[in-house]
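> sequence below, structure please.
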Amino acid sequence: MNENHFFKPTILYRKFLILDSIDKNKDITQRELSKEVGVAVSMINSYLNEYEKEGLIKKNYQSTKTVYYYLTKKGIEKKKVLNIGYLNSSLGVYNKAKKNIIDFLNQIIIKGYKNILLYGAGEVAEILLQTIALSHDFPLNVICVIDDDVDKHEKTIVSKKIIPVEAIEGIEHDGILISSYTNNKIIIDKLKAKNYDSKKIIQFFD
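Numbers count the residues shown, from 1 in each chain. Okay, here's the model as predicted:
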């Protein structure tokens, strides 16, 4: 199934996925398409029949069970149009989400934080770091990222070194931003257990 688990696929998005999948793999099966799009095989069969009537695809029967699918010139053009529409919609969602993160980070800056550490080297940290990196000259510096997973130590995430919490001593910083939703409370308790100044703990998931 496609990796977009957040949004409910629309008919147009399914059309784009199917045409794109066929364009990349002419011998893709209906069962493989059903997994890619996340609908029943019977639904895929209906879509393919519909696209063939619209002149978007052609079928080439190799046997009674094996069918190759090809995009026609009209199908290729349709895929490009759908792709632009998909990118445009995605960009709108991205810009709204980015603004929310920028607003949050600006509030941190207003409170006097300039050099911070993140705690949690997962998806949240990656999004925060990428947002800062893409906002040129953003006045907030992430020094490095803390994580309790020893397998991540000494590795990097968006060019920031991942360190154990024990390594923060000696690192001058204004605060620690918890960049984990799942372990938010666990991290707070862990920092408090280490007598870390609670006033320097910044919560993204408050």
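> which residues are in contact with stretch 71-89?
Counting contacts by C-beta atoms under 8 Å, 6 or more residues apart in numbering, the residues outside stretch 71-89 that touch it are 12-13, 15-16, 19-20, 22-23, 51, 54-58. Where you see a C-beta, it was placed from the backbone N, CA and C, and this is true even at glycine.
> show me which pair in those residues is furthest apart.
Largest separation among those by C-beta to C-beta: Tyr13 and Lys58, giving 22.8 Å.
> the more surrounded of those two?
Here Tyr13 and Lys58 are set side by side on neighbour count (other C-beta atoms under 10 Å), and the busier one is Tyr13, at 18 against 13.
> now stretch 91-109, how far from the centre of its chain.
A distance of 15 Å separates the C-alpha centroid of stretch 91-109 from that of its chain, computed with C-alpha atoms, centre = their mean, to the nearest Å.
> scratch that, stretch 145-158 is what I was asking about
19 Å.
> and stretch 67-79, by the same measure?
28 Å.
> so which of the contacts of stretch 71-89 are in strands?
57-58 (DSSP state E).
> show me where the chain has helices.
11-24, 30-37, 41-53, 73-110, 123-134, 184-193 (DSSP state H).
> the nearest residue to Gly75 once chain neighbours are set aside: neighbour count?
Closest residue to Gly75 apart from its sequence neighbours, by C-beta to C-beta, 6 or more residues apart in numbering: Leu56 at 3.7 Å. For Leu56, the count of nearby residues is 22 (other C-beta under 10 Å).
> my guess is Leu56 meets Leu19, correct?
Yes: in terms of C-beta atoms under 8 Å, Leu56 counts as a neighbour of Leu19; the distance is 6.6 Å.
> quick one: Arg14 and Ser34 touch, right?
No: applying C-beta under 8 Å, one finds Arg14 not in contact with Ser34, separated by 10.7 Å.
> what ranges in the chain fall below the confidence cut-off?
Of all residues in the chain, those with pLDDT under 70 make up the ranges 1-7.
> one more pass at 80, please.
For the chain, applying pLDDT under 80 flags the ranges 1-9, 64, 206.
> got the domain ranges for it?
Structural domains annotated on the chain: 11-92, 112-203, as defined by the TED database.
> that older thread, torsion angles phi and psi at the residue nearest to Gly75?
Geometry field for Leu56 lists phi and psi as phi -90, psi -30, criterion degrees, to the nearest 10.
> residues touching it, list them.
With C-beta under 8 Å, 6+ apart as the criterion, the residues that contact Leu56 are 19, 71-72, 74-75, 78.
> so what's Ile168 up against?
Going by C-beta under 8 Å, 6+ apart, Ile168 touches 117, 146, 176.
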